[in-house]
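Engineer: Make a model of this:
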Amino acid sequence: MVLKGVNGRWSSVRRFSLLPEIPSCSFVASKYEGPNYDSVKSCRMTSVTPTTPPFYKKPLLIHEGHMQWLWDHTGRRYLDMFGGIVTVSVGHSHPKVTEAARNQLSKLSHTTSIYMHPKYHEYAEKLMTKMPGNLKVLYMTNSGSESNELAFQMAKLYTGSQDIISLKNSYHGGTYTTSSATGMSTWRYPLASAPGHIQVTNPDVYKGPWGGPQCRDSPISQHGRTCECIGNKCIAAEKYLEDLKDTIQFSLPNNGKFAAFVAESIQGVGGAVQYPRTYLRGAYDIIKSKDALFIADEVQTGFARTGEHFWGFQGHDIIPDIVTMAKGIGNGFPMGAVVTTPEIADCLNQALHFNTFGGNPVACAVGSAVLDIIDEERLQENCKEVGTYLLHRLSTLLLEYPTMVGDIRGKGLMIGVELVSDPDKKTPLEAAHVATMFEDIKDMGLLIGKGGIHGNVLRIKPPMCVTKEDADFTVEVIKKALESCRDRNLISKENVYFGAV
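Structural biologist: Presented below is the predicted three-dimensional model:
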């Protein structure tokens, strides 16, 4: 591609010269023999959830997956660094998960929980070994939204209070109640919210009023802010906690009584946002002083993804009253769960509670296999090792592209790259530039996600089996996309035009 400037200078932009080489894969995908691409696209855009258009200008038609790899209908292979929105935990079509599902499906596919079946018992025993403290009672659901709905119901019944506090920039589900707890306008319809939902200031140490380089629990320090912390005392956390106290005192009835506080350990849809490292512990103490419950939303941070711990909340030195989970629990199989204490669980005995598909035998067989694989293949350790390596490699982008990359953050394999147009003001990179970068990244064989209220955060949350070689490829592809975006920016500012080779 050749470019001619108004001043007569000629230059070339090699957008896709010397492309990063995708890591090798010995698996051979089958030939696509499904319906025509155009007919699938037409149906998808008009009849199948048309309110949620697929990614990319030319949407991908994915037909097969194996571990960290996906293949489209043309046979092209992609490295999946988004895991079906943080859902594929141990790998696409992992042989052990597939075998577990096949075996159970051939014996018994459904009974509902009106009968006992051995897989539910087997799964419950395995999952309970991963839970700390008195978290001993399991309720199976089908999704994260269902799990959070049930958790809110439990909290209200147990405490006798009705209000739920959540954080701004949070995402807790798409049902009426969980969307009311969600603190992002992009995920809210213009409908009256369910009563009793209050959002408090998000303790975001990058974009929020307080925070510094040492505040959050990440292998890499935040870039470009001065920290006010004194020794082990986090001043930012204390200021955000004062805001929480003010909300409780002034916005809640009955001397600040409420049912529960719900938080993700690291915000997912919000863009991998991490809080000051002592914030959730401080919030927990405030919440317990009001006889309210702490609900840990582990839908994205659970099942070893953060690396150091099996659950994200364990990195904050707390034991919640209720834990909700989904996504990685089934490696893509639709299932979720709520775990709580026997005392809190007893509140559901005030009426009948039932979930037709919760605890389905096939789901439990899949969930059991996922837990085995995480242990057998040491995926928690892999999350820590590869995730830390990837974070350090990504951190170089802060120096190489200081006017475009505002922040790199995360822990384990839950990572965010915040793109900006003005690093001092933290102005989000324009949506058109992000969209083009996103397309470029896909065209180079890498699939990632987007998040944040402005959609300017690259979300990297892959299957937990990825390697350092995959991490290297990811960084090189993002670098190429940044280079291309920067060049396009310079071109538009110099008022040059594209010419053909």
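Engineer: how about the helices in the stretch 1-150 of the chain?
Structural biologist: With DSSP state H, counting those that start in this stretch as the definition, the stretch 1-150 of the chain shows helices at residue ranges 37-46, 83-86, 95-107, 118-128, 144-159.
Engineer: His454: which of those is closest?
Structural biologist: In this view, the helices of the stretch 1-150 of the chain are compared for proximity to His454 by Cβ to Cβ, and helix 83-86 is the closest at 18.3 Å. (Glycine included, C-beta is placed from N, CA and C.)
Engineer: can you pull the buried residues of that closest one?
Structural biologist: Neighbour counts over helix 83-86 (16 or more other Cβ atoms under 10 Å) mark Gly83, Gly84, Val86 as buried.
Engineer: Low-confidence stretches in the stretch 101-250 of the chain?
Structural biologist: In the prediction, the stretch 101-250 of the chain carries no residues with pLDDT under 70.
Engineer: Enumerate every residue touching the spatially most central residue of the chain.
Structural biologist: Nearest to the mean C-alpha position of the chain, by Cα atoms, centre = their mean, lies Gly268 at 3.4 Å. Gly268 makes contact with Val86, Tyr171, Val299, Gln300, Thr301, Met414, Gly451, Arg459, Lys461 under the criterion Cβ atoms under 8 Å, 6 or more residues apart in numbering.
Engineer: So which of the residues you listed belong to helices?
Structural biologist: With DSSP state H as the criterion, helices contain Val86 from among the contacts of Gly268.
Engineer: Of the contacts of Gly268, which is the nearest to Thr388?
Structural biologist: Using Cβ to Cβ, the shortest approach to Thr388 within these belongs to Met414, at 11.9 Å.
Engineer: Which strand residues bridge that closest one?
Structural biologist: Here Met414 shows beta-bridge partners Lys411, assigned using DSSP bridges.
Engineer: Check the gap between it and Val338 for me.
Structural biologist: When distance is defined by Cβ to Cβ, to the nearest Å, Met414 is 21 Å away from Val338.
Engineer: Same question for Glu376.
Structural biologist: Computed with Cβ to Cβ, the distance linking Glu376 and Val338 is 26 Å.
Engineer: Which of those two has more residues huddled nearby?
Structural biologist: For Glu376 versus Val338, the count of surrounding residues by other Cβ atoms under 10 Å is larger for Val338: 26 against 10.
Engineer: Give me the nearest residue to the more buried one, chain neighbours excluded.
Structural biologist: Setting aside the residues directly before and after it, Val338 is nearest to Tyr139 in space (Cβ to Cβ, 6 or more residues apart in numbering), at 4.5 Å.
Engineer: quick one: low-confidence ranges for the protein?
Structural biologist: Residues of the chain meeting the criterion pLDDT under 70: 1-17, 490-501.
Engineer: for it, what's the longest helix?
Structural biologist: Among the elements of type helix in the chain, defined by DSSP H, the one spanning the most residues is helix 468-494.
Engineer: Against which helices or strands is it packed?
Structural biologist: Packing contacts for helix 468-494, counted by 3 or more Cβ pairs under 8 Å, 6 or more residues apart in numbering; DSSP states H and E, involve strand 77-80, helix 379-400, helix 431-443, strand 446-447.
Engineer: again, 7 Å this time
Structural biologist: helix 379-400, helix 431-443, strand 446-447 (3 or more Cβ pairs under 7 Å, 6 or more residues apart in numbering; DSSP states H and E).
Engineer: that older thread, give me the distance between the residue nearest to Val338 and Phe438.
Structural biologist: Using Cβ to Cβ, one gets 38 Å for the distance from Tyr139 to Phe438.
Engineer: And the two? Which one has more around it.
Structural biologist: Residue environment comparison for Tyr139 versus Phe438 gives the larger neighbour count to Tyr139, 23 against 20, counting by other Cβ under 10 Å.
Engineer: show me what contacts the more buried one?
Structural biologist: By Cβ atoms under 7 Å, 6 or more residues apart in numbering, Tyr139 lies in contact with Leu150, Ala337, Val338, Gly358.
Engineer: quick one: which of those sit in strands?
Structural biologist: Within the contacts of Tyr139, membership in strands is found for Ala337, Val338, as judged by DSSP state E.
Engineer: tell me the domain boundaries of the chain?
Structural biologist: For the chain, the domain assignment from automatic domain parsing gives the residue ranges 2-93+378-499, 125-359.
Engineer: if we can go back for a sec, turn the buried residues of helix 83-86 into a markdown table, columns for distance to Ser161.
Structural biologist: Compiled in a markdown table, the buried residues of helix 83-86 are given as follows (distance: Cβ to Cβ, whole Å):
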| residue | distance to Ser161 |
| --- | --- |
| Gly83 | 37 |
| Gly84 | 36 |
| Val86 | 31 |
